[in-house]
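Novice: return atomic coordinates for the entry below.
(2 chains)
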Amino acid sequence: MQLRERLDHRFAQQHMSDLVDGTLSARRRRRIERHADVCPECRPLRRALVRLVGELSKLRDPPPAQPTIAPTVVERVRGCPEAAGARPKRSCS
Amino acid sequence: MRLHADRLYAVVIRFGAPGGEAEEIVQETFVRAWRAIGRFKGESQFFTWLYRIAINEAKRHMTRRAAQLERVASDDMALESIGDRAPSPQLRAEHQDLRAALERAVRALPMDYRIPLVLRDIEGLSTAQAAAVMQLREPAFKSRLHRARLAVREAMEDYLDVEDQA
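Specialist: Below you'll find the model as predicted:
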């Protein structure tokens, strides 16, 4: 592997997430894209990270309709002396 | 508060806390936020501020648990050893789908790598927001996120790289 290819490879391995996130400059993006198109390591890495990020975004839970933990949180906060104006030194748990 | 509490609860579960403990963490987060509300200067979004408190609280809880102690204390070593890989596609049909395998791979990450992944890739915060929550500079946050993704990719290789094997 030529020096230029080795440098491109290292750069691609370090910045592939930036490529996937779209946070690279056009010049850097082209540099990685060109390399990944022909590199047997970087090409599958790019594909896997694109897919991984897509799959991870699907894990986000929609806000639950019921049950909610808000009532217990409100109760806990109300139980704090601070809520009544006092200033305790320690936890109100 | 209901919206924030439930959203935060889902996030804390993703950080790896079991249900009951997650609820306790969220409660403690709001108590701490209530106490410190006078110090909230509005320089960040309110929910970003809450995330930060929740992360600190979750870490406190995690370190209290003996089973988690070693993992939290040796992040780099644990990250290298996520080699407990997901089952092959053949086993997938018998045991779990891609989502379940992904959840498991994320949970296997050490906290300091799991949190960036949860905030950025699952919760959908921007890099700037997530870095602010973790009080990291963006380059440091990106580096951690990239390493986390690489670790999950390695654990999920049979699922994510399947096209390349065809």
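Novice: so in chain A, which helix runs the longest?
Specialist: Longest helix in chain A, counting residues (DSSP state H): helix A:3-21.
Novice: how far out from the middle of the chain is that one?
Specialist: Distance, stretch centre to chain centre, for helix A:3-21: 19 Å (Cα atoms, centre = their mean, to the nearest Å).
Novice: how about the secondary structure of residue A:31?
Specialist: The three-state assignment at residue A:31 reads helix, by DSSP: H, G, I helix; E, B strand; the rest coil.
Novice: quickly check: the longest helix of chain A near chain B or not.
Specialist: Yes: using Cβ under 8 Å from any Cβ of the partner chain, helix A:3-21 reaches chain B at A:14, A:16-18, A:21. Where you see a C-beta, it was placed from the backbone N, CA and C, and this is true even at glycine.
Novice: buried subset of the residues you listed, written for ChimeraX?
Specialist: Only the buried entries of the residues of helix A:3-21 next to chain B go into this ChimeraX selection, using 16 or more other Cβ atoms under 10 Å in any protein chain shown:
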select /A:16,17,18,21
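Novice: ok, the residues of helix A:3-21 next to chain B vs chain B, which is closest?
Specialist: Distance to chain B across these (Cβ to the nearest Cβ) is lowest for residue A:17, with 4.0 Å.
Novice: on that earlier part again, tabulate the residues of helix A:3-21 next to chain B (CSV), appending distance to residue B:150 and pLDDT.
Specialist: Shown next, in CSV, are those (distance: Cβ to Cβ, whole Å; pLDDT from 0 to 100):
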residue, distance to residue B:150, pLDDT
A:14, 10, 96
A:16, 9, 97
A:17, 8, 97
A:18, 13, 96
A:21, 14, 95
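Novice: isn't residue B:149 right next to residue A:53, touching?
Specialist: Yes: taking Cβ atoms under 8 Å as the definition, residue B:149 is a contact partner of residue A:53 at 7.4 Å.
Novice: tell me which of the two has more neighbours.
Specialist: The neighbour comparison of residue B:149 against residue A:53 (other Cβ atoms under 10 Å in any protein chain shown) goes to residue B:149, with 25 against 16.
Novice: point out the residues in chain B that sit beside chain A.
Specialist: B:1-3, B:5-7, B:9-10, B:14, B:23, B:26-28, B:30-31, B:34-35, B:98-99, B:102-103, B:106, B:117, B:121-124, B:127, B:142, B:145-146, B:149, B:152-153, B:156-157, B:160-161, B:163-164.
Novice: give me the buried subset of those residues.
Specialist: Buried residues within these, counting neighbours by 16+ other Cβ under 10 Å: B:5-7, B:9-10, B:14, B:23, B:26-28, B:30-31, B:34-35, B:98, B:102, B:106, B:117, B:121-123, B:127, B:142, B:145-146, B:149, B:152-153, B:156-157, B:160-161.
Novice: picking up where we left off before, any common contacting residues for residue B:149 and residue A:53?
Specialist: Common contact partners of residue B:149 and residue A:53 (Cβ atoms under 8 Å, 6 or more residues apart in numbering or on different chains): residue B:121.
Novice: great, nothing more from me.
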